[in-house]
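Student: Build me a model from this:
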Amino acid sequence: MNATAKRSGVDIRLIAIAVIVLLLAFGGAAAWAYTMNADLERTRQALSSTSTDLDTTKKTLADTDSKVTLAKAAVTDEEASIKSDKARITNLGNQIKRKDACIAAQTANLAEIRRILALERENFDRTSSGSTWAKANDASNKALDLAISYLAKSYASAAAGSYSAANSWLSRSNAQVAASNRQIKASNKAVDALNAASDAINKASDEFAKTLDETAATCGS
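Tutor: Residues are numbered from 1 along each chain as shown. Coordinates of the predicted model:
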């Protein structure tokens, strides 16, 4: 009976130990489960926060993309503006070069206009009062008037039977005709000079018209 009681005491102790182990095991499991739940909760919170951060980041990236697009458009506009400015600078440089050439051409044109006007004035003077042509023409006309007057007197003397006087007046008339012819030659010579000058002026004017076209092209007008 003592042996039986002893075995029962051992069995109770074993059972108690087993129960304690199980309790410890369950306690550890419960602690582990609690810890895991806390970790999972923190993980869920972290994931939620990360998701929120991700959404914010996505929005920020979208805003950044929009800003980049706007910046690219601004850069494109700026490049176009720079290109346009460079074109204007090049154009201005060409205009400056043309301006120098234009001034030189216009200066030469002014000198040529003055030369042509001087030739025209000189040619006009060839027919003005006091010119060689005018003096010769006046002298020729005067001589012809005298020749006609002397011829009339010659006819009158002949009609009166005074042939000696008639011949004298006729001789004087012929002399005036000869004088008129000499003046006509001088007048014709002046006219030839006038015509030659007119031809030179016309040629110069034609060449000047061509020069004006070249100047218009040089000056860009």
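Student: Let me know the helix or strand that Ser128 is in.
Tutor: For Ser128, there is no host helix or strand (DSSP states H and E).
Student: contacting residues around it?
Tutor: Ser128 makes contact with Ala134 under the criterion C-beta atoms under 8 Å, 6 or more residues apart in numbering. Where C-beta positions appear, they are placed from N, C-alpha and C, glycine not excepted.
Student: try 10 Å
Tutor: The contact partners of Ser128, taken as C-beta atoms under 10 Å, 6 or more residues apart in numbering, are Arg121, Ala134.
Student: cool, and the one 10 residues further on?
Tutor: By C-beta under 10 Å, 6+ apart, the residues touching Asp138 are Ser129, Gly130, Gln183, Ser187.
Student: Can you give me the pLDDT of it?
Tutor: Reading off the confidence values, Asp138 has pLDDT 94.
Student: same check, this time on the one 3 residues further on
Tutor: We have a pLDDT of 94 for Asn141.
Student: Give me the nearest residue to it, chain neighbours excluded.
Tutor: Distances taken as C-beta to C-beta, 6 or more residues apart in numbering place Ser180 nearest to Asn141, at 7.8 Å, with adjacent residues excluded.
Student: From Ser187, how far out is that neighbour?
Tutor: For Ser180, the distance to Ser187 equals 10 Å [C-beta to C-beta, to the nearest Å].
Student: State the next helix or strand along the chain beyond the helix or strand harbouring Ile96.
Tutor: If you go by DSSP H and E, Ile96 is part of helix 2-125. Using DSSP H and E, the next helix or strand after helix 2-125 towards the C-terminus is helix 132-159.
Student: Just the CA trace of stretch 90-109, in CSV.
Tutor: Extracted C-alpha coordinates of stretch 90-109, given in CSV (Å, rounded to 0.1, in the frame of the first residue of the first chain):
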residue,chain,number,x,y,z
THR,A,90,22.3,88.3,-88.2
ASN,A,91,19.8,90.4,-90.1
LEU,A,92,20.9,93.6,-88.3
GLY,A,93,24.5,92.7,-89.1
ASN,A,94,23.6,92.3,-92.7
GLN,A,95,21.7,95.6,-92.6
ILE,A,96,24.7,97.3,-91.1
LYS,A,97,26.9,95.9,-93.9
ARG,A,98,24.3,97.0,-96.5
LYS,A,99,24.1,100.4,-94.8
ASP,A,100,27.8,101.0,-95.4
ALA,A,101,27.5,99.9,-99.0
CYS,A,102,24.3,101.8,-99.4
ILE,A,103,25.9,105.0,-98.1
ALA,A,104,28.9,104.6,-100.5
ALA,A,105,26.5,104.0,-103.4
GLN,A,106,24.3,106.9,-102.5
THR,A,107,27.3,109.2,-102.2
ALA,A,108,28.5,108.1,-105.7
ASN,A,109,24.9,108.7,-107.0
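Student: shaky segments in the chain?
Tutor: Low-confidence segments of the chain (pLDDT under 70): 1-34, 36, 40, 47, 85, 89, 91-95, 221.
Student: how about a cut-off of 80?
Tutor: For the chain, residues meeting the criterion pLDDT under 80 lie at 1-68, 70-98, 220-221.
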